[in-house]
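Student: quick one: sequence and predicted model below, then my questions.
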Amino acid sequence: MKKKITCLIMSLMCLVILGSCGEKAKTEYSIEEFSQIMEDITNECVNEFKDVTDDEREENQEEIGNKRKEIFSKHYKKHGLEVGQEIIISGYYGSFPNPQTFLLMRAEGDVNPESMVAGRFKENIKELPEVNEFIRVKGKLTEEMPFVIDECELESP
């Protein structure tokens with residue numbers, strides 16, 4: 001009887017251990033990885049709306065805004081992400097005129113727009129990082145713009 005109980009307990013422990021080994025969604029990205037995902041989303045958006053005239057854009061702002069959000073959501077899912085998901089991104093800090101907004105860059109002083117992500121801090125930061133300092137931030141994906149991470153907090157300077 002003791003052997004059966006011991007065997008049963010061991011079997012349950014193995015099932016619990018194996019069950020917890022499932023693949024988890026990625027939540028931490030380098031700026032290189034993340035900016036490539038965002039570039040893919042932006043290119044899809046540009047392709048979707050390349051034939052829309054300025055007048056049509058003006059007349060159909062709400063419709064175009066909804067379609068853009070659909071595209072963002074679809075591509076986020078394609079890359080294992082979703083709107084509102086918390087992620088951690090690491091890169092080089094770049095200042096912005098508004099201290100609550102910042103840039104994450106691939107390399108020190110790299111101002112190429114395709115290699116940056118903008119972020120908005122969740123609350124006032126008393127001591128901002130130094131420009132070009134390597135940092136990690138945690139924030140949420142938005143549906144407004146693919147290159148903007150919202151509600152950010154400094155994870156490490």
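Tutor: On my side now, so go ahead.
Student: so where does residue 45 fall, helix or strand?
Tutor: Using DSSP states H and E, residue 45 maps to helix 31-49.
Student: what sits up against that helix?
Tutor: Residues outside helix 31-49 that contact it (Cβ atoms under 8 Å, 6 or more residues apart in numbering): 29, 57, 64, 67-68, 71-72, 75-76, 79, 81, 87, 89-92, 104-106, 114-117, 146-147. (C-beta placed from N, C-alpha, C; glycine too.)
Student: of those, grab the buried ones for ChimeraX.
Tutor: Applying 16 or more other Cβ atoms under 10 Å to those, the buried members can be selected in ChimeraX as follows:
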select :29,64,68,71,72,75,76,79,81,87,89,90,91,92,104,105,106,115,116,117,146,147
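Student: where does the residue lying closest to residue 145 once chain neighbours are set aside sit: helix, strand or coil?
Tutor: Leaving aside its sequence neighbours, residue 145 sits nearest to residue 118 (Cβ to Cβ, 6 or more residues apart in numbering; 7.8 Å). Per DSSP: H, G, I helix; E, B strand; the rest coil, the secondary structure class of residue 118 is strand.
Student: what's the neighbour count on residue 58?
Tutor: The number of residues packed near residue 58 is 9, by other Cβ atoms under 10 Å.
Student: how close does it sit to residue 64?
Tutor: Distance, residue 58 to residue 64, using Cβ to Cβ, to the nearest Å: 10 Å.
Student: what's the first helix or strand after the helix holding residue 45?
Tutor: Defined by DSSP H and E, the subsequent element after helix 31-49 is helix 54-59.
Student: please export the C-alpha coordinates of that next one as CSV.
Tutor: C-alpha atoms of helix 54-59 as CSV (Å, rounded to 0.1, in the frame of the first residue of the first chain):
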residue,chain,number,x,y,z
ASP,A,54,-5.3,62.8,-48.4
ASP,A,55,-8.9,63.8,-48.9
GLU,A,56,-10.1,60.2,-48.2
ARG,A,57,-7.9,60.1,-45.1
GLU,A,58,-9.5,63.3,-43.9
GLU,A,59,-13.1,62.0,-44.6
